[in-house]
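Novice: Next one to model:
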Amino acid sequence: MQHNPRYKKTPVLYVFFGMIAAGKSTLAQAWARHKHIPYYNSDRVRKELANIAATESRRETIDTGIYTTEFTQKTYNTLLQKASDLLKKGYSVILDASYQYGRDRQDAKTLALNMHSGIYFIFCRCSEEEMRRRMALRARDPANVSDGRWEIYQQQKKRFELPEELAASELVVIDTEAPLEDLLQKLDNKLHKLSKLS
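Specialist: Next up is the predicted model:
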């Protein structure tokens, strides 16, 4: 990894989260390019752990196959380990996953605390109509790595825990139905304001 003077600052763990097709991966990847920060996506890590290609579709129903609770926990633990390795070296890092449970978000907070790094949670959301449109587009994209489908979203919606446990100083809510450049600017502005509060 090339040296970047940005990394001289206190490292930051950025957690992009939200429901299926809420735009978190698109924004997280754009943020990674924008800030030159390493990025890890749960779909890719999950399939790496299962020894399958990232673009190989797994049409399992929720809680089966590589989407069991145990395999999901293994995926999240691996994400945290990857983040830990970089934070330990003073690098900021981005994690991109649904983080639908408060306990998983707390694990990320604990890691940041132990690593003496900052942490921001970026909660991505959009309308259900836009989610459905994005899922339809992804279903036709051979490079897509997500297995998210409308029926999976309906199940996720029932169990998703809103981030009410997060402090205002560590949470940014982004509605992703806007051009990507506008979203990046909005995120830059919101994080800049939060950094002045901490």
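
Novice: Show me where this structure has its helices.
Specialist: Secondary structure of the chain (DSSP state H): helices located at 24-35, 42-49, 69-88, 102-114, 128-139, 150-159, 180-197.

Novice: Distance from the first one to the middle of the chain?
Specialist: When C-alpha coordinates are averaged (CA atoms, centre = their mean, to the nearest Å), helix 24-35 and its chain have centres 10 Å apart.

Novice: and the angle for that helix with helix 180-197?
Specialist: 70 degrees (axes from the mean of the first three to the mean of the last three CA atoms, to 10 degrees).

Novice: Quick check: mean pLDDT of helix 24-35?
Specialist: Averaging pLDDT along helix 24-35 gives 96.

Novice: Please verify my assumption that Asp107 contacts Tyr76.
Specialist: Yes. The pair Asp107 / Tyr76 is scored as a contact, 7.1 Å apart, by CB atoms under 8 Å. Where C-beta positions appear, they are placed from N, C-alpha and C, glycine not excepted.

Novice: Which one's more surrounded, the two?
Specialist: Tyr76 (22 against 17; other CB atoms under 10 Å).

Novice: Please name the residues that touch the more buried one.
Specialist: Tyr76 is in contact with 42, 97, 104, 107, counting by CB atoms under 8 Å, 6 or more residues apart in numbering.

Novice: can you rerun that using 6 Å?
Specialist: Shown in contact with Tyr76 (CB atoms under 6 Å, 6 or more residues apart in numbering): Asp104.

Novice: The lengthiest strand in the chain: partners in the sheet, and parallel or antiparallel?
Specialist: When the chain is scanned for its longest strand (criterion: DSSP state E), the result is strand 118-125. Paired strands of strand 118-125, with direction, are strand 12-17 (parallel), strand 171-175 (parallel) (DSSP bridges).

Novice: Buried ones in the worst-scoring helix or strand of the chain on mean pLDDT, by neighbour count?
Specialist: The helix or strand of the chain with the poorest confidence is helix 150-159; it has a mean of 82 (mean pLDDT, DSSP states H and E). Neighbour-count burial for helix 150-159, with 16 or more other CB atoms under 10 Å as criterion, is recorded at 152-153.

Novice: Alright, calling it a day.
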